[in-house]
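[1] just a sequence and a predicted model for now, questions to come.
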Amino acid sequence: MSSSPGFVVLPTISENSRLHLSCKATSDDKVVRLDRRDVLLGLTAVGAAVTTSNIGLAMAADAGGQCAAMPIKAEDLQCASVNGFQCPGLYNPQDIVDFSSLPRPKGLPRVRKAAHLLDAAYVGKFEEAVRRMKALPHDDPRSFKRQADIHEAYCANHYKVVPAGGGPKTVFDVHHSSIFAPWHRMYLYFFEGILGDLIGDPTFGLPYWNWDTPEGMMMPSKFANESSPLYDAKRNPRRVRAVIDLNLSPGSKDGLPTCTDDHVCLIDNNLYTLYRQMIVETPKQFYGGKFYNVELDDEGKQNHKVTGSLENGAHNSAHIWLGDPCQKNQDMGDLSTAARDPIFYSNHSNVDRMWHIYITKLGGGFLPYKEWLDTSFVFYDAQKRPVRITVSDVLDVGKLGYMFEESGKLPWIGKRPKPAANIQRHHGLKGTQTNSSYPMTLKKGEPQYLRLERLEKSRAGGGSSKKAPEALVVDVTIDPCKYVKFDVLVNVPKGQEKKVGPQNSEFAGSFTQVPHGGGLEMKTRMVSYQFALRELLEDLKCGKDNQLDITLVLVEGDKVLIDDARIEVL
C-alpha cells in the first residue's frame, strides 16, 4: 500500500485489551469516591499532582468482571463516504510511529491562556497560525479543512465497527462514551502542535474559551473580527455578543426562573450549572461509560451508551449557543460542521481544562477498565507522520508538554444549589398520577411524572452514605440528527415545575443532545445519563424516603422516548 496525502484516524486496541460485550454491576464501577464537601473545603491553588501511577489500583478493579469480551482492531473499522463527505485517505501501516517512542517535550511548556485575556501580540500569533493552516492545500493532512474533516469523520457517524470474525456492525462515534475526553485531548494536542510549527513557536498554546468564569462567558471578541481568520460567518448572530446561557433555558417568560434578561442572574445560574457538571460521585458519571461495540448485551437487550457530564454539560451548551440547530448552516450546532469554526478549538481547549481541573483540583479519578487505557488513535503530526497515541499517553498534560494559565479562582466551586423557597414543601406528589410504564414518550409541554423506588441500603444512610451514593439513571432513544434537551426535577409538586431552576436543589440537571448528522444512516441512538443525587437528597432532607418523585420536562425537541428510569446505587 502506498502512502497518501490524506489522513486516517483509526482507533486501535492492543492485543491484550478487550472491549466488553456487556457488563452488569461489575467491579469496574467500584472506584474510589471522595466526599465532595471535604474536597471543596480542602482546595488549594495548586491542587493534587497527577501521575499515571495513580491508575494502577483502578485498573486492577476490572479483573474478574462479569463481561463477555470482544477485541476491536483498526482493521475492524470502515469509513463510509456519504452525503458528499470523502473518507480520509489511508497511510502505510509501516509508517506509523508510536507516540511513546518520540522524545518528550523539552524547554518551556506550551501555555494555554484564557482567550478573553490575550494581548495583541498573542492574538496576532493565533491569527497567523490559523491563517497559514487555512492556506495549506486541502489534501495536506495539516490543513484546516483536513483537521475539520477529522472531527466530522469520527463525530458524525462515518465509521462503523465491522468485526473481523463476523457479528453485528455498530456505528463508531467518539461521543456518548468515555472515549470523548481522551479523543478530543489527542485531537487538540496535534492541532495545537501544527499551529505552533507553522509559526515556528513550539511554546504556542491553544487559547481556551473561559466560559466557567463571569468575565469569559461571552464569546471572546477576537473571534468576532470579520477580517480575522478566527471569524466564522455561520454563527448565531443574536448570541455572538451575548452572555452564554449554559442551561440553554427557553426564556424568562411565564414565570420561568431562567432570568435570561438579567445578566447577573444568568451568570449566577451558569455557575450553578457548572457545579452540577463538575461535582459528581464517580468517574463514570464524569467521563461516561464504555463504548459497546455490539448492540445487544448477553440478555438480548440493546446497550445504551452512557454520556458523561463533561460532554453533556457546558460543552454541549457552547455548541448549541453559537450554532442554533433550529437554524440551518450554523457550524457549531452540528457535530458534522462544528470544527469548521475556529471557536470550536477554544471551546474544546476549555473542556480539556475542565478535565484537568477534575483530576488536579477536585480529586477526581480515572476510569478503571484497562481497555479504556489501551484504546489508541492515529493522528498526523506537524511533520506529517502518522502517530499512534493511547489514552494512557494523555492522562497527564504535563507529560504532553502543556499547561493552563489560570486567571483566578474557580467561582463555580461554591455554587451548590439550594432548596427552592417558593414551592409547596412535601415529600411525594400527593394525588398525582405517575407514569411507570416503559417505554414512554416525552413531549414538549407535557411533563412526565414518575415515582421511583430507592434501595434499602441507600436509604439507611439517609442519602449521605459515602459507601452507597445514588444516581438517577434515565435511558433514552433519540434521533441523532435532532437537538434535544430535557430537564429532570426531584420532589417538585405537579404544576410548579416553572418555579425551579439550576439554582435549586430540586433541579437534578439536564440531558442535552447536539445533532450528529451527516454520516451513516442512524434512525435512533440509545443513550443513558446519570444524575447525581447525594447532595440533592441531603439538601431536601429526604434521604430516608422510600421513593422519589421525578418530573421530566422536555425543553427542546419534538419528542424523546424514555426507555427506562431508575435509581441505582453506584
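    Nice, I can see it. On a predicted model such as this, the values are computed, not experimentally measured, just so you know.
[2] let me know the helix or strand that residue 378 is in.
    Per DSSP states H and E, residue 378 falls inside strand 376-380.
[3] now the angle between strand 376-380 and the very next helix or strand once past that strand, please.
    Once the chain leaves strand 376-380, the next helix or strand it forms, by DSSP H and E, is strand 386-390. For strand 386-390 against strand 376-380, the angle by axes from the mean of the first three to the mean of the last three Cα atoms, to 10 degrees is 150 degrees.
[4] quick one: average confidence on strand 386-390?
    Strand 386-390 carries an average pLDDT of 90.
[5] grab the nearest non-local neighbour of residue 277.
    residue 313 (3.3 Å; Cβ to Cβ, 6 or more residues apart in numbering). To be clear about C-beta, it is placed using only N, CA and C from the backbone, and glycine gets the same treatment.
[6] same question, residue 386
    residue 91 (4.4 Å).
[7] quick one: residue 359 is in a helix?
    Yes - judged by DSSP: H, G, I helix; E, B strand; the rest coil, residue 359 forms part of a helix.
[8] pop the domain breakdown of the protein in here.
    According to automatic domain parsing, the chain comprises the domains 19-404, 440-569.
[9] and the last one, how far out from the chain's middle?
    If I follow you right, that is domain 440-569. In this view, domain 440-569 has its centroid 17 Å away from the chain centroid, taken as Cα atoms, centre = their mean, to the nearest Å.
[10] quick one: the strands in the stretch 101-250 of the chain, in order.
    With DSSP state E, counting those that start in this stretch as the criterion, the stretch 101-250 of the chain has strands at 110-112, 159-161, 170-172.
[11] now the ones you listed in JSON lines, with distance to residue 322?
    Formatted as JSON lines, the strands of the stretch 101-250 of the chain follow (distance: least, Cβ to Cβ, whole Å):
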{"stretch": "strand 110-112", "distance to residue 322": "20"}
{"stretch": "strand 159-161", "distance to residue 322": "26"}
{"stretch": "strand 170-172", "distance to residue 322": "26"}
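[12] before we move on, what SS does the residue nearest the centre of the chain have?
    Centroid-nearest residue in the chain: residue 311, 1.2 Å away (criterion: Cα atoms, centre = their mean). For residue 311, the assignment made with three-state DSSP gives helix.
[13] return the residues in contact with the nearest residue to it once chain neighbours are set aside.
    Nearest residue to residue 311, sequence neighbours excluded (Cβ to Cβ, 6+ apart): residue 180, at 4.7 Å. Taking Cβ atoms under 8 Å, 6 or more residues apart in numbering, we find residue 180 in contact with 174, 287-288, 308, 310-311.
[14] give me the pLDDT for residue 180.
    Residue 180 is given a pLDDT of 95.
[15] what's the distance between it and residue 275?
    20 Å (Cβ to Cβ, to the nearest Å).
[16] ok, back up a step: what sits against the residue nearest to the centre of the chain?
    Taking Cβ under 8 Å, 6+ apart as the test, what residue 311 contacts is 175-176, 180-181, 288.
[17] ditto for residue 394
    182, 185-186, 189, 400.
[18] go again with 10 Å.
    Applying Cβ atoms under 10 Å, 6 or more residues apart in numbering, we find residue 394 in contact with 52, 99, 181-186, 189, 352, 355, 400.
[19] out of these, who's nearest residue 324?
    residue 184 (22.4 Å; Cβ to Cβ).
[20] that closest one and residue 355 touch, don't they?
    Yes - at 9.0 Å, residue 184 and residue 355 qualify as touching, with contact defined as Cβ atoms under 10 Å.
[21] what touches both of these two?
    310, 394.
[22] quick check, residue 474 in a strand?
    Yes - the assignment for residue 474 is a strand, going by three-state DSSP.
[23] residue 381 contacts residue 102, doesn't it?
    Yes - with contacts counted by Cβ under 10 Å, residue 381 reaches residue 102, the gap being 8.4 Å.
[24] looking at these two, which one has more neighbours?
    Shown here are residue 381 and residue 102; by other Cβ atoms under 10 Å, residue 381 has more neighbours (19 against 12).
[25] can you pull the pLDDT of the more buried one?
    If you check residue 381, the pLDDT there is 95.
[26] and for residue 174?
    For residue 174, pLDDT reads 87.
[27] list the contacts of it.
    9, 11, 151, 153-155, 159, 180-184, 186-187, 291, 311, 335, 377.
[28] burial check on residue 135, number of neighbours?
    Neighbours around residue 135, by other Cβ under 10 Å: 12.
[29] ok, it - contacts?
    Residue 135 touches 143-144, 198, 229, counting by Cβ under 10 Å, 6+ apart.
[30] among the residues you listed, which one has the most neighbours?
    For the contacts of residue 135, neighbours tallied by other Cβ under 10 Å; top is residue 144, 23 neighbours.
[31] C-alpha coordinates for stretch 107-115, PDB please?
    The C-alpha coordinates for stretch 107-115 follow below in PDB (Å, rounded to 0.1, in the frame of the first residue of the first chain):
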ATOM      1  CA  GLY A 107      12.100  23.500  27.200                       C
ATOM      2  CA  LEU A 108       9.200  25.700  28.200                       C
ATOM      3  CA  PRO A 109       5.800  24.200  28.100                       C
ATOM      4  CA  ARG A 110       3.000  25.400  25.800                       C
ATOM      5  CA  VAL A 111       0.800  27.700  27.800                       C
ATOM      6  CA  ARG A 112      -2.900  27.700  27.100                       C
ATOM      7  CA  LYS A 113      -4.400  31.100  28.200                       C
ATOM      8  CA  ALA A 114      -7.900  32.400  28.600                       C
ATOM      9  CA  ALA A 115      -8.900  33.800  25.200                       C
END
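[32] can you mark which positions in it are buried?
    By neighbour count on 16 or more other Cβ atoms under 10 Å, the buried set for stretch 107-115 is 109-110, 112-115.
[33] now for residue 171, how many residues are close by?
    Neighbours of residue 171 (other Cβ under 10 Å): 18.
[34] against residue 201, how distant is it?
    39 Å.
[35] can you check residue 446 too?
    55 Å.
[36] those two: who's more crowded?
    Set residue 446 next to residue 201 and count neighbours by other Cβ under 10 Å: residue 201 wins out with 14 against 11.
[37] please list all residues in contact with that one.
    Here residue 201 is in contact with 110, 125, 128-129, 195 (Cβ under 10 Å, 6+ apart).
[38] so where's the protein shaky on pLDDT?
    Along the chain, the parts satisfying pLDDT under 70 run over 1-77, 89-90, 163-168, 250-261, 292-302, 326, 425-436, 457-468, 519-522.
[39] bridged to residue 389, which residues?
    Beta-bridge partners for residue 389, by DSSP bridges, are residue 377.
[40] I'd guessed residue 228 sits against residue 126; true?
    Yes - judged on Cβ under 10 Å, residue 228 makes contact with residue 126 at a distance of 9.2 Å.
[41] quick one: the helices in this structure?
    Assigned by DSSP state H, the chain shows helices spanning 36-41, 56-60, 120-135, 144-155, 180-198, 263-278, 283-287, 309-310, 316-322, 343-360, 370-374, 397-400, 456-459, 534-540.
[42] format the ones you listed as a markdown table; extra columns: distance to residue 442.
    Below are the helices of the chain laid out as a markdown table (distance: least, Cβ to Cβ, whole Å):
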| stretch | distance to residue 442 |
| --- | --- |
| helix 36-41 | 30 |
| helix 56-60 | 35 |
| helix 120-135 | 41 |
| helix 144-155 | 25 |
| helix 180-198 | 24 |
| helix 263-278 | 20 |
| helix 283-287 | 22 |
| helix 309-310 | 20 |
| helix 316-322 | 18 |
| helix 343-360 | 28 |
| helix 370-374 | 31 |
| helix 397-400 | 39 |
| helix 456-459 | 26 |
| helix 534-540 | 21 |
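[43] out of those helices, which is closest to residue 556?
    helix 316-322 (8.5 Å).
[44] packing partners of that closest one?
    Other helices and strands packing on helix 316-322, by 3 or more Cβ pairs under 10 Å, 6 or more residues apart in numbering; DSSP states H and E, are helix 263-278, helix 343-360, strand 484-490, strand 507-513.
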